[in-house]
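1. Got a predicted structure plus its sequence, pasted below:
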Amino acid sequence: MSETVFSVKRPRKLRSGVVFASPHSGSDYSDAFLAQTILDPLQLRSSEDAFVHELFQAAPRFGMPLLMAKAPRAYVDLNRSIEELDPALIDGVVKRGQNPRVASGLGVIPRVVAHGRAIYCGKLSQTEAHRRIDTHWRPYHAALQNLLDQARVEFGQAVLIDCHSMPHEAIATSGRRMGGLPDVVLGDRFGAASSAEIIDRVEAAFVSAGLKVARNAPFAGAYITQAYGRPTRGQHAIQVEIDRSLYMDEARIEKTANFEALRKVLTDVVAEISQLRFDRIALAAE
């Protein structure tokens, strides 16, 4: 499969059933897209999980693949279902029920970026929407499932670590005050997307590295976590949200002096996660 719309960094040898992925850190803004939008490039990038793939780039060194999208989230959101088409943006789409993500402009083809800023001045055609889905969404998800299938064949179970970043204000205004604000939020759809032991061990890896961790609030995991988390089938999914203020200037979308230090911390986390062994987990579940 051509990797023109995504990139996979593969280890020389698979040593773990864990797959890392970054669906929202893509930054390939095509001239055609820039000609369609009414926003400037910096405003478009406000929706990016900028630099997240770099924070977790050590995964292949420890025997785990890292899948990275190239297209930006403002162009096509890989963490949404292809059914989440926005009737306020896509011409001819009929409104079906009430989907809060779509209603807020955050469907599979987003209508807005951060702070509700409109990306376009009019509507897009269904042809354009489905072209983006066919050329970007489908290949990315096919590659992701392929990596998970390989891991499950090799190790009996597969674990997806779906890597994201969150605006600091998202947690600063969430009302979490006891014990301080979290650096990391892990989402497993309140236990539906991962076995308890696996998410416990993933959380322990972050905590042992000195990071404050919360679960499922304010982010429990979106489409990817929901679609790929099938613990009874030996496939687990955990969404990881990192506070952007730990490593970047959110207004300028630039790395701060803390970036390398956080990457080193997360390399320790990645190394620890690579030690997940499923034989003991399977026995504990019996």
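-> Looks like it arrived, so ask away.
2. per-residue confidence at Thr135?
-> At Thr135, the model reports a pLDDT of 97.
3. what does Gln98 give?
-> The pLDDT attached to Gln98 in the predicted structure is 76.
4. cool, Lys13 as well?
-> Per-residue pLDDT puts Lys13 at 95.
5. go on, Met1?
-> Taking Met1 on its own, its pLDDT is 40.
6. The one 5 residues further on too?
-> The predicted local distance difference test score for Phe6 is 97.
7. can you count the residues close to it?
-> Residues near Phe6, counting by other Cβ atoms under 10 Å, number 24. C-beta coordinates here come from the backbone N, C-alpha and C atoms, glycine included.
8. Quick check: phi and psi at it.
-> phi -150, psi 170 (degrees, to the nearest 10).
9. Also Leu89?
-> phi -120, psi -40.
10. Output the below-cut-off pLDDT ranges for the protein.
-> 1-3, 173-179, 279-286 (pLDDT under 70).
11. residue boundaries of the strands in it?
-> 6-9, 18-22, 66-69, 158-166, 184-187, 213-215, 235-243, 248-249, 254-255 (DSSP state E).
12. can you map out the helices along the stretch 1-150 of the chain?
-> For the stretch 1-150 of the chain, applying DSSP state H, counting those that start in this stretch gives helices covering 31-36, 41-44, 52-55, 100-103, 126-132, 138-155.
13. Now distance to Leu148 too, for the strands of the chain, in CSV please.
-> Shown next, in CSV, are those (distance: least, Cβ to Cβ, whole Å):
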stretch, distance to Leu148
strand 6-9, 12
strand 18-22, 6
strand 66-69, 10
strand 158-166, 4
strand 184-187, 17
strand 213-215, 22
strand 235-243, 6
strand 248-249, 29
strand 254-255, 30
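14. And those strands: which comes nearest Arg263?
-> For the strands of the chain, proximity to Arg263 was assessed by Cβ to Cβ; strand 254-255 is nearest, at 9.6 Å.
15. Packing partners of that closest one?
-> With contacts taken as 3 or more Cβ pairs under 8 Å, 6 or more residues apart in numbering; DSSP states H and E, strand 254-255 sits against strand 248-249.
16. Just give the nearest non-adjacent residue to Arg15, would you?
-> Take Arg15 and drop its neighbours on the chain: the residue closest to it by Cβ to Cβ, 6 or more residues apart in numbering is Gly63, 2.6 Å away.
17. I'd say that neighbour and Lys13 touch.
-> Yes. Between Gly63 and Lys13 there is a contact at 6.2 Å, judged by Cβ atoms under 8 Å.
18. of the two, who's got more company?
-> The neighbour comparison of Gly63 against Lys13 (other Cβ under 10 Å) goes to Gly63, with 16 against 6.
19. how about the residue nearest to Arg15, what does it touch?
-> 11, 13-16, 274 (Cβ atoms under 8 Å, 6 or more residues apart in numbering).
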